[in-house]
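# Have a look at this fold, sequence not included:
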């Protein structure tokens, strides 16, 4: 099982050092480690140089995490892809666990492990809404992202079928991709933790953007445009997009503003939901 590890990084010298070291410390070695330096302007390049030939560094102009991951996916020589965000780290047996899970569950072309959460230096338990599921999980993936990039191992054929990360998404790019994947592939779940996921630091993308549900709306709309979306999944998608649109509309109203485009979308999708229920 040849696994290419892809680590995108932008101005995170000490975090990416920890991430790379966690891959080098694996009980079973990766096929290759591709670190995509997305135009870092601090000491990150010097930190990467210290790893020498143990990693492959690809430098590019700053284009964002999606473009960096896509660069790595295109260059990867392994049959399988494992993503690792620069602010996370793997437990020592992450890749060994991936091999074992694949051998036991060869039907899955994408699977993820459980994770340990650290927030502001302390271990915390994920909330119920962050619960991970295995199998056909499109419906469960609609409220929010329940697949972690750092936890997944993906066969190259999956990307050929669903495409890469959408580089037009400055945030929720992973939510968008996993929805596209979950629509066409079952996603396996290894009940063992394989990663340590850190949060709470200032440069997390989710802390930089207000109204990130807007990008989740855009992701769901991709599926609502499909003519072959089964009625039960279409209903679930419509119900979820209406919730997210209402959150966004309420946010504007609290600021004494209105967004007529969002309000029109809400009315249109509400009509579609009513019509769908009448015809079921």
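It's in. Keep in mind the model is a prediction, meaning the values are calculated, not measured. Numbers count the residues shown, from 1 in each chain.
# Report all helices and strands that the lengthiest strand in the chain contacts.
The residue-count maximum for a strand in the chain (DSSP state E) belongs to strand 188-199. The helices and strands touching strand 188-199, judged by 3 or more CB pairs under 8 Å, 6 or more residues apart in numbering; DSSP states H and E, are strand 89-90, helix 94-104, strand 110-119. In this view, the C-beta of every residue, glycine as well, is placed from N, C-alpha and C.
# Quick one: closest of those to residue 136.
When these are compared by CB to CB, strand 110-119 sits nearest residue 136, at 12.0 Å.
# For the closest one, could you pull out the residues that count as buried?
Judged by neighbour count (16 or more other CB atoms under 10 Å), strand 110-119 contains these buried residues: 110-113, 115-118.
# re earlier: and residue 66, which of the helices and strands packed on strand 188-199 is closest to it?
With CB to CB, the closest approach to residue 66 among these belongs to strand 110-119: 17.6 Å.
# Pairing partners for the helix or strand just after that closest one, with directions?
As assigned by DSSP states H and E, the chain's next helix or strand after strand 110-119 is strand 122-124. Take DSSP bridges as the rule and strand 122-124 pairs in its sheet with strand 110-119 (antiparallel).
# ok, and what's touching the strand it pairs with?
Residues external to strand 110-119 that are found in contact with it (CB atoms under 8 Å, 6 or more residues apart in numbering): 91, 94, 97-98, 101-102, 105, 123-126, 132, 134, 147-148, 150-155, 158, 181, 185, 187-200.
# tell me the mean pLDDT for it?
If you average the pLDDT over strand 110-119, you get 95.
# and the helices and strands packed on strand 188-199 as a markdown table, adding distance to residue 235?
Written out in a markdown table, the entries for the helices and strands packed on strand 188-199 read as follows (distance: least, CB to CB, whole Å):
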| stretch | distance to residue 235 |
| --- | --- |
| strand 89-90 | 38 |
| helix 94-104 | 32 |
| strand 110-119 | 25 |
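# returning to what we had before: chain center to the longest strand of the chain, what's the gap?
Its chain's average C-alpha position is 13 Å from that of strand 188-199, according to CA atoms, centre = their mean, to the nearest Å.
# mind starting the numbering at 36 from now?
In the new numbering, first residue 36, that becomes strand 223-234.
# That strand relative to strand 145-154, how many degrees between them?
Between strand 223-234 and strand 145-154, the angle formed by their directions is 30 degrees, by axes from the mean of the first three to the mean of the last three CA atoms, to 10 degrees.
# Let me know the closest of the buried residues of strand 145-154 to residue 84.
Minimum separation from residue 84 among the buried residues of strand 145-154 (CB to CB) is found for residue 153, which lies at 27.8 Å.
# what bridges to the closest one?
Beta-bridge pairing for residue 153 (DSSP bridges): residue 158, residue 233.
# and the residue nearest to residue 271 when sequence neighbours are not counted, how many neighbours?
Nearest-residue entry for residue 271: residue 174, 4.8 Å, with adjacent residues in sequence omitted and distances by CB to CB, 6 or more residues apart in numbering. Counted with other CB atoms under 10 Å, the burial measure for residue 174 works out to 15 neighbours.
# Equivalent analysis for residue 138, please.
Around residue 138 there are 9 residues (other CB under 10 Å).
# same check, this time on residue 105
Counted with other CB under 10 Å, the neighbours of residue 105 add up to 22.
# Need the three-state assignment for it.
Classification of residue 105 by DSSP: H, G, I helix; E, B strand; the rest coil places it in helix.
# That one against residue 202, yeah?
Yes - between residue 105 and residue 202 there is a contact at 6.8 Å, judged by CB atoms under 8 Å.
# and the most centrally placed residue in the chain, what does it touch?
Centrality entry for the chain: nearest residue to the mean C-alpha point is residue 209, 2.9 Å, by CA atoms, centre = their mean. For residue 209, the residues meeting the contact criterion (CB under 8 Å, 6+ apart) are 180, 182-184, 200.
# biggest separation within the residues you listed, which pair?
Pairwise distances across the contacts of residue 209 (CB to CB) peak at 14.2 Å, for the pair 183 and 200.
# Can you give me the first-to-last residue distance of stretch 165-179?
Using CA to CA, to the nearest Å, the end-to-end distance of stretch 165-179 comes to 8 Å.
# Would you pull up how far that stretch lies from the middle of the chain?
Averaged over its C-alpha atoms, stretch 165-179 has a centre that lies 13 Å from its chain's centre (CA atoms, centre = their mean).
# Kind regards, and thank you for your time.
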